[in-house]
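Student: pasting the sequence and the predicted coordinates here, then a few questions.
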Amino acid sequence: MRDYSFGNFISALRERRGLSQYQLGALVGKSDKAVSKWENGASKPRIDTIRKLSEVLDISVDELLTCEYAAFDKKRKDLFTMKNEIIDIAKNKMKEMYGDNPPIRIVNRFKTEELMLDGQETLLWMGFLGKLQEEFCAKDLYFEIRGAQMGASFIAWLLGGTNVNPLPSHYFCPTCKKVEFVLDEKCGMDLPEKKCSCGRNYRKDGFGISEINMYPIKNYNEIYISGDATGCVKDCLQEYFESYGVVRELNVIFNENMHVESEEQIKITRFVLFPKDMDKKYPEGLINIQADEYYKSLSDWPVLMTIEDVNEQISSRDLMNLELSTQQVNAFFSYAVENDKFKDNYGEVNLDKALSDNENPKFSTLLTLYGFLHSTGAWEDNAELLYDKGIPLGELISSREDVYAYLYDKLNGKCCENPSGVAFEIKEAVRKGKYTCSRMPAETEQLLKECDVPDWYVESMKKILYLFPKTHLIVLLKRDIYKFMVLDS
C-alpha cells in the first residue's frame, strides 16, 4: 500500500466517523501522535492495529489495505440501520430518565460508549437483551446477564439488558429530571433519602464502574434464566435476528478427560448465530461439535449460552426497579448471617470477624463481602490479615473493577500518557492471578511505588488468584435481597 494514499484514506474515514486523532488512537490502543504519523505518511500501522482500525472505522481489512471503500451491500445496510435504531432507543431512554439535556457527565459516558461500540456486533446483543428483558417481564420470567462486559455498559443498562447502572452514585428526580452526583460514595444505594427541590422523593442509583471494564468486547454472552424459559429465548433470538441470520443450537461434546459440572436443576443450552449464507452449511437445527473446536470458535461465532434453573421463581419485572432502604439491607444482613449465607462451599473463607464488626452494613459493604466469597486468594491469608491490622474493609481488594478505579486514581497525572490503559492491564493481570508466585514485573512494582500505591496493596495483589466481577456481584446481591424480601421473610 502507498503511504500517502493510505494516510489520506485513514484521515477521510476518521472524519467521516466524527473522530479526532486522539479518539481514534484511544479506540485502537495508540496515541494521537501515531495516528498523525499514519495520516501524513510517516509510518504504517502494524497488522494487528489494521484489524482494530477496520472495526472502529466500520470497513473491511481488504478495503482498508486497498484504500477503496465499497458500497454497502443489503446485509450491511440492514445491520447499519439496525445498530442506529438501537442507539436511538438508548438515547430516548437516556432523555426519559435524565431529561432532554442530561448532565455533561452522562452525555460524555454515552458518547464514549457509542464510539467503543461503533462497528461492533456487541451492540446488536445489547439490543436483543433489552428486547428479551421486555418479553421476560411480560411473561413473569427472569433472566440476568452474567459477567463483566454488559454490566459495565451504560448503553446496555438504558436498553434494559442489565440492571446495573454503571454511572457514579447519584440522585435523580423522575418528575423534573434533576440529577445530583455524589462522587465520594461508592454505591448510589447507600445515599441517604433526599427530596428534590420540586418536592418529589429522589431516586438513587449508580455503582461507579468505568466503561473501560467493558473490554474485551466480544460476541459471547451468558444469561441465567428461570425454569422453562429456554424456548422463549430461542423464539426471541429467531425473531430479533430474522433479517440478519439463522439461529442454531450447539451440542458440545466433551471428552471423558474433561470435567463438566452438572446439576439436575440446571439446564445449559448454547445458541449460535450464523449469517444467512451459512444456512446451507449448517441446515440442521442442532449442530454437534467437539469441545476443543467449540472453544476455538468462540472468538469467531456469536454465541449465547443459557443457564436455566428450574427452581428459579422470581420475575425480572419485580427486580428491575428494586430500591432498598437501610432497614431492608440490615434485615437481609441479619438473615444472611443467621443462615450462613456468608459461608463458602469449601470452608476457605472465614468472614466471622468482618461480620461481627459490621452490625449495620451498607449495600457496598455487602458487595465487598460477596467479592471475598466469590474470589480466590483475595481474603484467606490476604485481606483477612490486613483487616486484622486495621485496614478498613472497603479499602481491601475484593473485585476487579475496584482495582481499576483505585489504580487509575493513583496513576492519573503521575505516570504516563495512558494511565487508564496501564491501570486496566494491571487490573487484568491481578484478576487472572498473573502476579502470584513473585511474577509481578519489577518495573510494574516500581511504577506502583512511585505513584504512592501502598506496599500492603501491592503485596495483596500478588496473592490473588482470581477476582470476581463487581458487576455480577451487584446482580447476585440484588437478587438475594429481593428473594429474602419476597420469598423468605
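Tutor: Arrived safely, thanks for sending.
Student: and the pLDDT for Tyr98?
Tutor: Confidence per residue is given as pLDDT, and for Tyr98 that number is 96.
Student: now do the same contact list for it.
Tutor: Tyr98 is in contact with 106, 172, 177, 179, counting by CB atoms under 8 Å, 6 or more residues apart in numbering. (Each C-beta comes from the backbone N, C-alpha and C, glycine too.)
Student: repeat for Glu85
Tutor: Counting by CB under 8 Å, 6+ apart, the residues that Glu85 touches are Gly127.
Student: need the three-state assignment for it.
Tutor: Taken by DSSP: H, G, I helix; E, B strand; the rest coil, the conformation at Glu85 corresponds to helix.
Student: ditto for Lys204
Tutor: The assignment at Lys204 comes out as strand when based on three-state DSSP.
Student: next one: Arg14
Tutor: Taking three-state DSSP as the rule, one finds Arg14 in the helix state.
Student: which ones are touching it?
Tutor: Listed by CB under 8 Å, 6+ apart, the contact partners of Arg14 are 20-21, 24, 35, 39, 57.
Student: can you rerun that using 10 Å?
Tutor: Neighbour list for Arg14: 20-21, 23-25, 35, 38-39, 53, 56-57 [criterion: CB atoms under 10 Å, 6 or more residues apart in numbering].
Student: and for Gly29, the neighbour number?
Tutor: Counted by other CB atoms under 10 Å, the residues lying close to Gly29 total 12.
Student: ok, now which ones touch it?
Tutor: The contact partners of Gly29, by CB under 10 Å, 6+ apart, come to 48-49, 52, 418, 421.
Student: mind checking which of those land in helices?
Tutor: For these, the ones inside helices are 48-49, 52, 421, with DSSP state H as the criterion.
Student: whichever of these end up buried, select them in PyMOL.
Tutor: Burial among the ones in helices among the contacts of Gly29 is assessed by 16 or more other CB atoms under 10 Å; the matching PyMOL selection reads:
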select buried, resi 52
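Student: tell me the one of the ones in helices among the contacts of Gly29 nearest Leu115?
Tutor: For the ones in helices among the contacts of Gly29, the residue nearest Leu115 by CB to CB is Lys52; the value is 13.0 Å.
Student: got the phi and psi for the residue lying closest to that closest one once chain neighbours are set aside?
Tutor: Nearest in space to Lys52, with sequence neighbours left out and distances taken as CB to CB, 6 or more residues apart in numbering, is Val28 at 4.1 Å. Comment: the main-chain dihedrals of Val28 come out as phi -110, psi 10, following degrees, to the nearest 10.
Student: with Arg146 instead?
Tutor: Backbone torsions for Arg146, taken as degrees, to the nearest 10, come to phi -100, psi 150.
Student: for it, give its distance to Thr306.
Tutor: Using CB to CB, to the nearest Å, one obtains 10 Å as the distance from Arg146 to Thr306.
Student: overlap in contacts, those two.
Tutor: Shared contacts of Arg146 and Thr306, defined by CB under 10 Å, 6+ apart, are found at 221-224.
Student: of all the residues you listed, which comes closest to Lys204?
Tutor: Lys204 has its nearest neighbour among those in Tyr224, at 25.5 Å by CB to CB.
Student: elements contacting the helix or strand encompassing the closest one?
Tutor: Secondary-structure element containing Tyr224, defined by DSSP states H and E: strand 220-226. The elements that strand 220-226 packs onto, with contact taken as 3 or more CB pairs under 10 Å, 6 or more residues apart in numbering; DSSP states H and E, are helix 122-138, strand 143-146, helix 230-240, strand 266-275, strand 303-309, helix 470-483.
Student: pull the CA atoms of that strand into CSV?
Tutor: Extracted as CSV, the C-alpha positions of strand 220-226 are listed here (Å, rounded to 0.1, in the frame of the first residue of the first chain):
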residue,chain,number,x,y,z
TYR,A,220,-20.1,-14.4,23.6
ASN,A,221,-22.7,-13.9,26.3
GLU,A,222,-24.1,-16.0,29.2
ILE,A,223,-27.5,-15.5,30.7
TYR,A,224,-29.1,-17.1,33.8
ILE,A,225,-32.8,-17.7,33.3
SER,A,226,-35.8,-19.1,35.2
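Student: quick check: the residue sitting nearest the centre point of the chain vs Tyr220, distance?
Tutor: A centroid search over the chain (CA atoms, centre = their mean) returns Gln149, at 2.3 Å, as the residue closest to the centre. Noted for Gln149: a distance of 9 Å to Tyr220, by CB to CB.
Student: anything in contact with each of those two?
Tutor: In the contact map built from CB under 10 Å, 6+ apart, the residues linked to both Gln149 and Tyr220 are 122, 125.
Student: list the contacts of Leu158.
Tutor: Residues in contact with Leu158 (CB under 10 Å, 6+ apart) are 87, 89-98, 110, 113, 126, 130, 165.
Student: highest neighbour count among the residues you listed?
Tutor: Met126 (31 neighbours).
Student: does that one touch Gly151 like I think?
Tutor: No. Applying CB atoms under 10 Å as the test, Met126 and Gly151 come out as separate, 11.5 Å apart.
Student: which residues do these two both contact?
Tutor: By CB under 10 Å, 6+ apart, the residues touching both Met126 and Gly151 are 145, 157, 161-162.
Student: closest to Phe9 out of these?
Tutor: Using CB to CB as the measure, the one of the shared contacts of Met126 and Gly151 that approaches Phe9 most closely is Gly161, at 35.1 Å.
Student: which residues touch that closest one?
Tutor: Contact analysis of Gly161 by CB under 10 Å, 6+ apart lists 125-133, 143, 145, 150-151, 153, 155, 221, 223.
Student: same thing but at 7 Å, please
Tutor: Under the criterion of CB atoms under 7 Å, 6 or more residues apart in numbering, the contact partners of Gly161 comprise 126, 129-130, 133, 145, 150.
Student: excluding residues flanking it in the chain, which one is nearest it?
Tutor: According to CB to CB, 6+ apart, the nearest residue to Gly161 is Leu129 (3.3 Å).
Student: doesn't Ile145 make contact with the one you found?
Tutor: Yes. Using CB atoms under 7 Å as the test, Leu129 is close enough to Ile145 to be in contact (6.3 Å).
Student: ok, the two, which is more surrounded?
Tutor: Relative neighbour count places Ile145 above the other of Leu129 and Ile145, with 26 against 23, counting by other CB under 10 Å.
Student: find the nearest non-adjacent residue to that one, please.
Tutor: Closest to Ile145 by CB to CB, 6+ apart is Thr162, at 5.1 Å.
Student: pLDDT at the one you found, what is it?
Tutor: Among the per-residue scores, Thr162 shows a pLDDT of 91.
Student: what of Lys74?
Tutor: Confidence per residue is given as pLDDT, and for Lys74 that number is 48.
Student: re the thing from before, between which two of the shared contacts of Met126 and Gly151 is the distance greatest?
Tutor: When CB to CB is used, the two most widely separated members of the shared contacts of Met126 and Gly151 are Ile145 and Trp157, lying 10.4 Å apart.
Student: list the buried residues for stretch 434-453?
Tutor: 434-435, 440, 444-445, 447-448, 451, 453.
Student: which of these fall within helices?
Tutor: Using DSSP H, the subset of the buried residues of stretch 434-453 located in helices is 444-445, 447-448.
Student: circling back to that earlier point, can you pull the contacts of the residue nearest to the residue nearest to the centre of the chain when sequence neighbours are not counted?
Tutor: Take Gln149 and drop its neighbours on the chain: the residue closest to it by CB to CB, 6+ apart is Met214, 5.4 Å away. If a contact means CB under 7 Å, 6+ apart, then Met214 has 116, 149, 152-153 as its contacts.
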